[in-house]
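Asker: Could you work out the structure for the sequence below:
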Amino acid sequence: MSASQPYFIQGPLTAEIANIRSPVRQFLDELCSSGLRDIQRRYREKASELAVPSVPRSDADPGTVGTAADWLLRFLVDSEPELDLVMTGAAACARAGVRVLPALAEVVRALGMSLPSRPAEHVRVFTGPTGGNNADAVVLARSCWAFALLTEAYRGGPMVAAAGPLGQFRGAAATGDDLLGLAPPAGLDQLAGFRHVFNATLIPQLATRTALSVKLA
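Answerer: Down below sits the predicted model:
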């Protein structure tokens, strides 16, 4: 890949860093003369305890937890964040025979929103946290888990959609309650912990950052 060719990251950044063939990983290896793995090791040795302790993968997939926490933060700083990613994920599900768009519309309505008719064509300007979405905390957490699964379907495509938790709805008509019921108890506990950390520590810091032009979705 030449310097003039753009490289688009579709999956999570952690996956790019783990992939030794990724231009992102290769760049970091060149940047860190002692090696990326050594940098990570030294960081872990000096880092404080996790603000939200991890749980076994069998109880809640850590990747899904992280993506759901990302969605949760968006809803805590913006009452109606853009939903392009979940819309694209629903389209990937449809190609796998998993029809979840009507169910997704129900979930979105429970958050006081409506599905967009087409992807956003503008860049959002972050002017600081607003009051956030005022949906019930548990409903919001369950919604963010469903959004995380749809985001993973977007990143991985139809095969990931069919192989994951959403695959159980293949050939069936899923409902909004079905999507909200996908969040495991341990995952909800994790998101409750992240919500506390976000409200107590991160969002007050974000409040000092204004006029940041970002694509939120």
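Asker: Let me see the ranges of the helices in the chain.
Answerer: Along the chain, the stretches classed as helices by DSSP state H are 13-18, 23-31, 36-46, 62-77, 84-95, 101-110, 137-156, 158-163, 176-180, 185-197, 203-206.
Asker: closest to Pro129 out of those helices?
Answerer: helix 62-77 (4.0 Å; Cβ to Cβ). (Each C-beta comes from the backbone N, C-alpha and C, glycine too.)
Asker: by how many degrees do the closest one and helix 84-95 diverge?
Answerer: 140 degrees (axes from the mean of the first three to the mean of the last three Cα atoms, to 10 degrees).
Asker: how much distance is there from helix 62-77 to the middle of the chain?
Answerer: 5 Å (Cα atoms, centre = their mean, to the nearest Å).
Asker: what's it packed up against?
Answerer: For helix 62-77, the elements it packs on are helix 137-156, helix 185-197, helix 203-206, judged by 3 or more Cβ pairs under 8 Å, 6 or more residues apart in numbering; DSSP states H and E.
Asker: Need those in CSV (columns: mean pLDDT and distance to Arg37).
Answerer: Shown next, in CSV, are the helices and strands packed on helix 62-77 (pLDDT from 0 to 100; distance: least, Cβ to Cβ, whole Å):
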stretch, mean pLDDT, distance to Arg37
helix 137-156, 96, 24
helix 185-197, 96, 26
helix 203-206, 85, 29
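Asker: what's the most buried one of those?
Answerer: Greatest average neighbour count among these goes to helix 137-156 (a mean of 23), per mean count of other Cβ atoms under 10 Å.
Asker: tell me what that one is packed against?
Answerer: Using 3+ Cβ pairs under 8 Å, 6+ apart, helix 137-156 sits against helix 62-77, helix 84-95, helix 101-110, helix 158-163, helix 176-180, helix 185-197.
Asker: domain parsing for the protein?
Answerer: Following automatic domain parsing, one gets these domains for the chain: 13-46, 62-213.
Asker: quick revisit: between the helices and strands packed on helix 137-156, which one is nearest to Val52?
Answerer: Distance to Val52, taken as Cβ to Cβ, is lowest for helix 185-197 among these, at 3.9 Å.
Asker: which residues are contacting that closest one?
Answerer: By Cβ atoms under 8 Å, 6 or more residues apart in numbering, the surrounding residues in contact with helix 185-197 are 51-53, 55-56, 59-61, 64-65, 68-69, 72-73, 76, 137-138, 141-142, 144-145, 183.
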